[in-house]
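Engineer: Please find the sequence and the predicted model below.
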Amino acid sequence: MAATASAYRAPYVSEILAEVDGSLNDCAVSTGIMLLGDWTLGEALTRPDGKPKDVLFLREWSRKQLGPGAQDGGLTLHDMDELMRAIDPAMPPLPRYGGQALRPGQTLPATALLRLTWQDLVKLLREGHSAALCGNPSGVKDTQSPLRSVQGDDDYPHVIHVTDGNATGAVVKDPLTRKKPGYPGVRVSWDDLRQFTEAKKDGDRQFGSPTSVACAVIRVGDETQANRQRREADKIINRKSEAIASLNGQVGLFKDERDQARRDLVATKEQLVLALEGATQLRADLAACQAATPPDCAAETALLEEANARIAAARAALG
């Protein structure tokens, strides 16, 4: 049975569990894999035989696909976008905030123009979306918050997976723990999450802007194969509907032209009947004139010639 958006939960991807080189710099990769799972309801994290991929192996593999410079940490939402297509080339660009530095060779596409206020983000997370949220744990005031004290020093740039929002907060899967893929995450208050993403460094906000949260946001389940095929089918149907509408418009125009031609034909027939009737009377008048003494039929002859010309014109119009 296929997963549903309301029930699916992406596997947790630790950035330190089974770390090959021991470096703690995979939060963007780990969070990106979890977000990709949400976006495709796990299809992108499933092998062709239906078995789930090893997400920790996928984490190591994905980072290597980003090329030189991606091994030293400091990865951004732009790297997250690239790693998703490394895993699944059919993925569309990741909707994301674009105010982050680019690595050499990266470009800033139009899709990196996501501008969400904090209220916008909360609304989306409560309405079936998931997010990769950038921030710094040191900005969270509550030292007992799940976002604090993960490391000895809480002052570090970080990105976390956030989903399943409700009235009190949202479920967070922080990649900086040694939990296994089945880890369900922990619910964190909206206040803590806002303080995390609005944390300041040297007096300035470290991520985002006063009006835009630094995040990437997707609707859970929006990029399943079924949804992609449905959208493609809708495009084909829309194109055909537009073509049919255009043809119907042309048919309507042809009908209007046909109806006008019929009206013109009827009018021409009526004119011919009147002309024939008039010519008959004129012939009678001409005959009477010619019988008179002395005959003077110039006027009647001219009228008859005019009537014959009108009859010829009407017959020509009728074909």
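Structural biologist: Perfect, I can see it now. Numbering: from 1, shown residues only.

Engineer: now the strands for the stretch 201-319 of the chain?
Structural biologist: For the stretch 201-319 of the chain, applying DSSP state E, counting those that start in this stretch gives strands covering 204-205, 215-219.

Engineer: chain center to the longest one, what's the gap?
Structural biologist: The gap between where strand 215-219 is centred and where its chain is centred comes out at 14 Å by Cα atoms, centre = their mean, to the nearest Å.

Engineer: Show me the contact partners of that strand.
Structural biologist: Applying Cβ atoms under 8 Å, 6 or more residues apart in numbering, the external contacts of strand 215-219 come out as 5, 35, 38-39, 77, 80-81, 94-97, 114, 116, 121, 124, 128-134, 197, 208. C-beta: built from backbone N, CA, C; applies to glycine.

Engineer: what domains does the record give for the protein?
Structural biologist: For the chain, the structural domains run 27-223, 231-318, going by automatic domain parsing.

Engineer: what about Lys141, neighbour count?
Structural biologist: Lys141: 10 surrounding residues under other Cβ atoms under 10 Å.

Engineer: so which strand or helix has the residue nearest to it when sequence neighbours are not counted?
Structural biologist: Of all residues beyond its chain neighbours, the one nearest Lys141 is Gln195 (6.0 Å), with distances taken as Cβ to Cβ, 6 or more residues apart in numbering. Assigned by DSSP states H and E, Gln195 belongs to helix 190-197.

Engineer: Remind me what that helix packs against, helices and strands.
Structural biologist: helix 118-125, strand 129-135, strand 169-173 (3 or more Cβ pairs under 8 Å, 6 or more residues apart in numbering; DSSP states H and E).

Engineer: Would you tell me which one of the ones you listed is buried the most?
Structural biologist: strand 129-135 (a mean of 27; mean count of other Cβ atoms under 10 Å).

Engineer: Taking their axis directions, that one and helix 118-125 sit at what angle?
Structural biologist: 140 degrees (axes from the mean of the first three to the mean of the last three Cα atoms, to 10 degrees).

Engineer: ok, whatever helix or strand comes next after strand 129-135: who's next to it in the sheet?
Structural biologist: Next helix or strand after strand 129-135 toward the C-terminus (DSSP H and E): strand 158-163. Applying DSSP bridges, strand 158-163 is found paired with strand 129-135 (antiparallel), strand 169-173 (antiparallel).

Engineer: tell me the mean pLDDT over strand 158-163?
Structural biologist: Mean pLDDT, computed over strand 158-163, is 96.

Engineer: Using CSV, write out every CA atom in it.
Structural biologist: Extracted in CSV, the C-alpha atoms of strand 158-163 (Å, rounded to 0.1, in the frame of the first residue of the first chain):
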residue,chain,number,x,y,z
HIS,A,158,23.1,24.5,11.7
VAL,A,159,20.1,23.3,9.7
ILE,A,160,17.4,21.0,11.0
HIS,A,161,14.4,19.1,9.6
VAL,A,162,11.0,20.5,10.8
THR,A,163,7.6,19.0,10.1
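
Engineer: Next up, the contacts around Met84.
Structural biologist: For Met84, the contacting residues are Gly32, Leu35, Leu36, Trp39, Ala44, Met91, Leu94, by Cβ under 8 Å, 6+ apart.

Engineer: Highest neighbour count among the residues you listed?
Structural biologist: Counting by other Cβ under 10 Å, top hit in the contacts of Met84: Gly32 with 30 neighbours.

Engineer: out of everything not next to it in sequence, what's closest to that residue?
Structural biologist: Spatial nearest neighbour of Gly32, excluding adjacent residues (Cβ to Cβ, 6+ apart): Met80 at 3.8 Å.

Engineer: That neighbour reaches Pro95, doesn't it?
Structural biologist: No - using Cβ atoms under 8 Å, Met80 makes no contact with Pro95, being 11.2 Å away.

Engineer: So between the two, which is more surrounded?
Structural biologist: More crowded of Met80 and Pro95, by other Cβ under 10 Å: Met80, with 25 against 19.

Engineer: and that one, what is it in contact with?
Structural biologist: So Met80 contacts Ala28, Val29, Thr31, Gly32, Leu35, Leu94, Arg96, Ala132, Val159, Ala216 (Cβ under 8 Å, 6+ apart).

Engineer: Flag every buried residue along stretch 154-165.
Structural biologist: Asp154, Pro157, His158, Val159, Ile160, His161, Val162, Thr163, Asp164, Gly165 (16 or more other Cβ atoms under 10 Å).

Engineer: Isn't the fifth one up against Ala132?
Structural biologist: The reference is to Ile160. Yes - the criterion here is Cβ under 8 Å, and Ile160 meets it with Ala132 at 7.4 Å.

Engineer: joint contacts of these two?
Structural biologist: Taking Cβ under 8 Å, 6+ apart as the criterion, Ile160 and Ala132 both touch Thr31.
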